[in-house]
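Student: generate a structure from the sequence data that follows.
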Amino acid sequence: MERAPMIAATLARKPSEPSMAFFHASMAIVAAVFALFAAASLVSADLSFHPAQLSTRLAIGVVPCLIVAAYSHWRGYVRVRDGVLAAIWAGVFNGLSYFPMYAAARSRLPLRDHLLARLDARLGLQVPAVLGWFERNAAARHLLAASYDLLMPMMICAAVVTAFFGPIRAIKRYIVSVAVAICLAIPVSWACPAVGPWVTYGFHPNAGQAACAQFLGRLRQPGPFTIDMDYTAGLIAFPSFHAILAALACIALWSVPKLRAPAAILCALIVCSTVATGWHYVADALGGIVFAALAHAGATLFLAVETKRAARSARQLAM
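Tutor: All right, here's what the predicted structure looks like:
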């Protein structure tokens, strides 16, 4: 009977964090830069899109958060309100990232599949060897095949859990790290376009991989192309966005102690599944981990700047 008042008190607790104004202002600037970059991507890559699809994507990511934030504000759940308002930027960045992602996949540079295969060879772990091992271990193969599709639920869980139960710093770090990862990874993927390891090694692709190769082939043809926001599979090979986003979601969930072990296990399964399912080279997955670390470092630096700025403002007000 005592748990409900305790939970309400926790939700209503005011965060011992800097004002959210600096965070939201910074994210608004980032969103504006993303929007400009998206517009440039459309023009430079001769792309178009369906406005209704973008509106739907943004509405799905933003409207529920606004409703929850309004209710939390009314009930006095300050921490939840601030966390959910911060999470809105994830929906904004997700909607705007489609344009540069498609532009990167439309790169006119030659495909780098053979380069990625050579990197795997230098690492001493090539995709056919990985697939051969999993062919002999059916239980592990089925587990990783199922894990590959758990990225989106994990990302949603990371945003919801950190918004409701984690410290405000956790959701801020998550949102900023995703934005930094997009900024870092998409230019690299533009410079290093690839289809997938089945092209280099000649193994039989599954239906999804075959459809991905056909879609990418049409996308790279000259002439105008209309973006389909319902399709993103296989657009980016190196670095693996599956690995990047799984690692960043794991870091976010790490802020809730009881979820650390499940988050780490699921992250490891998702990262391994990118190679075990034949979708990515080993170099793609390892590159994803490196980019996730860089994105996390960038987000940590942002939070440090925010904290110093808040402390300086507090000193000025106290004088």
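Student: hey, let's count contacts and neighbours off CA atoms from now on
Tutor: Will do.
Student: just after the helix or strand where residue 86 lies, pick out the following helix or strand.
Tutor: Residue 86 belongs to helix 78-105 when assigned by DSSP states H and E. Reading on from helix 78-105 to the C-terminus, the next helix or strand found by DSSP H and E is helix 113-123.
Student: for the record, mean pLDDT for that next one?
Tutor: Mean per-residue pLDDT for helix 113-123: 91.
Student: okay, buried residues for the helix or strand that residue 34 is a member of please.
Tutor: Counting by DSSP H and E, the element that carries residue 34 is helix 20-44. By 16 or more other CA atoms under 10 Å, the buried positions in helix 20-44 come out as 20, 23, 27, 30-31, 34-35, 37-42.
Student: can I get those residues in a markdown table including distance to residue 304 and pLDDT?
Tutor: A markdown table is the format used below for the buried residues of helix 20-44 (distance: CA to CA, whole Å; pLDDT from 0 to 100):
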| residue | distance to residue 304 | pLDDT |
| --- | --- | --- |
| 20 | 14 | 80 |
| 23 | 12 | 88 |
| 27 | 16 | 90 |
| 30 | 18 | 90 |
| 31 | 21 | 90 |
| 34 | 23 | 88 |
| 35 | 26 | 90 |
| 37 | 27 | 87 |
| 38 | 29 | 86 |
| 39 | 31 | 89 |
| 40 | 31 | 88 |
| 41 | 32 | 86 |
| 42 | 35 | 88 |
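Student: make a markdown table from those residues and add distance to residue 230 to it.
Tutor: Shown next, in a markdown table, are the buried residues of helix 20-44 (distance: CA to CA, whole Å):
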| residue | distance to residue 230 |
| --- | --- |
| 20 | 33 |
| 23 | 30 |
| 27 | 25 |
| 30 | 24 |
| 31 | 21 |
| 34 | 20 |
| 35 | 19 |
| 37 | 21 |
| 38 | 17 |
| 39 | 19 |
| 40 | 21 |
| 41 | 18 |
| 42 | 17 |
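Student: show me how far the helix or strand containing residue 48 is from its chain's centre.
Tutor: For residue 48, the element it lies in under DSSP H and E is strand 47-49. Distance of strand 47-49 from the chain centroid (CA atoms, centre = their mean, to the nearest Å) equals 22 Å.
Student: run through who's touching it.
Tutor: The contact list for strand 47-49 (CA atoms under 8 Å, 6 or more residues apart in numbering) reads 41, 42, 103, 224, 225, 226, 227, 228.
Student: just checking, the fifth one touches residue 44?
Tutor: No: here residue 225 lies out of contact with residue 44, judged by CA atoms under 8 Å, at a distance of 11.8 Å.
Student: list residues touching both of those two?
Tutor: Counting by CA under 8 Å, 6+ apart, residue 225 and residue 44 have no shared contacts at all.
Student: what about residue 94, how many residues nearby?
Tutor: Residues near residue 94, counting by other CA atoms under 10 Å, number 15.
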